[in-house]
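> the following comprises the amino acid sequence and a computationally predicted model.
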Amino acid sequence: MKWDQFQQLIDFSLKDKQLEQLQKLQELLLRYNSKHNLISPKDEPVILERHLQDSLTPLRWIGKIEGPHLDFGSGTGFPLLPLAIAQPYRPFVAVESRSRRVLQMKHLANQIGIQNIEWRNSTIEQFIEERKGGRLYTSVTARAVSSLEKDAERAYSVMKSEGRFVTFKSAFPEQPPKNFKMEWWSYQLHPDLKEYYSICLEKLR
């Protein structure tokens with residue numbers, strides 16, 4: 001999908017510098033992928049839509065939110081890296097238990113010039129336990145981590161009231177997890193990709 005069309009879809013504008021950083025991220029992923037297995041080889045022809053633009057779909061829900069953002073189970077950096085590029089004025093925290101993946105994400109971020117991410121090499125449970133009584137987040141994301149109910153429970157414990165948790169699903173949940181108000185929209189960014197659901201859960205007071 002062309003960038004101007006995509007930006008209209010998510011109601012969020014990207015600056016030229018951000019588009020350049022996203023282009024560089026795409027180039028680095030393709031360069032390193034055969035050696036480091038950052039994405040599935042079958043996704044390479046649709047890398048723009050499947051990984052970069054898909055990672056930015058939460059901006060439909062959190063594009064106007066300020067304050068700290070948490071991404072847990074960050075893996076190889078999606079949606080984390082594109083979101084941090086799109087919102088350089090926000091502090092991001094990445095939680096990932098695999099040291100190798102953390103090093104890979106750091107390397108990509110340094111190459112692109114992303115400076116607003118704090119890296120935590122930890123399990124989600126350890127992170128939550130250590131952060132009890134600490135900073136709360138205005139938004140949280142998770143991609144392909146666990147069930148909606150489990151991820152929502154984790155997000156609830158670290159979010160401010162009325163904070164938003166955004167996740168990606170290939171099937172629509174019938175009802176929201178408890179203590180959340182749910183909104184959603186479906187999208188298909190490329191004809192060769194299936195339809196996905198962007199699920200936004202707003203924490204109730």
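Perfect, thanks for sending it.
> got the contact list for residue 153?
residue 177 (Cβ atoms under 8 Å, 6 or more residues apart in numbering). C-betas here are computed from N, CA, C, even on glycine.
> then residue 111?
24, 28.
> distance check, it against residue 52.
In this view, residue 111 and residue 52 are 15 Å apart by Cβ to Cβ, to the nearest Å.
> quick one: residue 119 is in a strand?
Yes - counting by DSSP: H, G, I helix; E, B strand; the rest coil, residue 119 is located in a strand.
> out of everything not next to it in sequence, what's closest to the residue nearest the centre of the chain?
By Cα atoms, centre = their mean, the chain has its centre lying nearest to residue 79, at 2.7 Å. Ranked by Cβ to Cβ, 6 or more residues apart in numbering and with sequence neighbours excluded, the top spatial neighbour of residue 79 is residue 55, at 3.4 Å.
> regarding that neighbour, what is its secondary structure?
helix.
> that one contacts residue 84, doesn't it?
No - using Cβ atoms under 8 Å, residue 55 is not in contact with residue 84, being 9.9 Å away.
> tally of neighbours for residue 132?
8 (other Cβ atoms under 10 Å).
> how far away is it from residue 15?
Counting by Cβ to Cβ - residue 132 and residue 15 are separated by 38 Å.
> below-threshold pLDDT in this protein: ranges please.
In the predicted model, the chain carries pLDDT under 70 at residues 133.
> and the strands in the chain, which stretches?
69-72, 92-96, 117-121, 137-142, 159-169, 180-187, 196-203 (DSSP state E).
> for the chain, which helix is longest?
helix 16-36 (DSSP state H).
> list the contacts of that one.
For helix 16-36, using Cβ under 8 Å, 6+ apart, the contacting residues are 3, 14, 38-39, 41, 44, 47-48, 51-52, 81-82, 85-86, 88, 104, 108, 111-114.
> buried ones among these?
Buried residues within the contacts of helix 16-36, counting neighbours by 16 or more other Cβ atoms under 10 Å: 14, 38-39, 47-48, 51-52, 81-82, 85-86, 104, 108, 112, 114.
> which of these fall in helices?
Secondary structure assignment by DSSP H places 47, 81, 82, 85, 86, 104, 108, 112 of the buried ones among the contacts of helix 16-36 in helices.
> among the residues you listed, list the two that are farthest apart in space.
Maximum pairwise distance among these (Cβ to Cβ): 20.4 Å, between 86 and 104.
> picking up where we left off before, now the element after the longest helix of the chain, going C-ward?
As assigned by DSSP states H and E, the chain's next helix or strand after helix 16-36 is helix 47.
> determine how far that next one lies from the middle of the whole chain.
15 Å (Cα atoms, centre = their mean, to the nearest Å).
> same check, this time on stretch 132-148
For stretch 132-148, the distance to the chain centre is 11 Å (Cα atoms, centre = their mean).
> and the contacts of that stretch?
For stretch 132-148, contacts defined as Cβ under 8 Å, 6+ apart pick out 55, 58, 61-62, 65-73, 75, 78-80, 83, 93, 124, 151, 154-155, 158-160, 163-169, 173, 177, 199.
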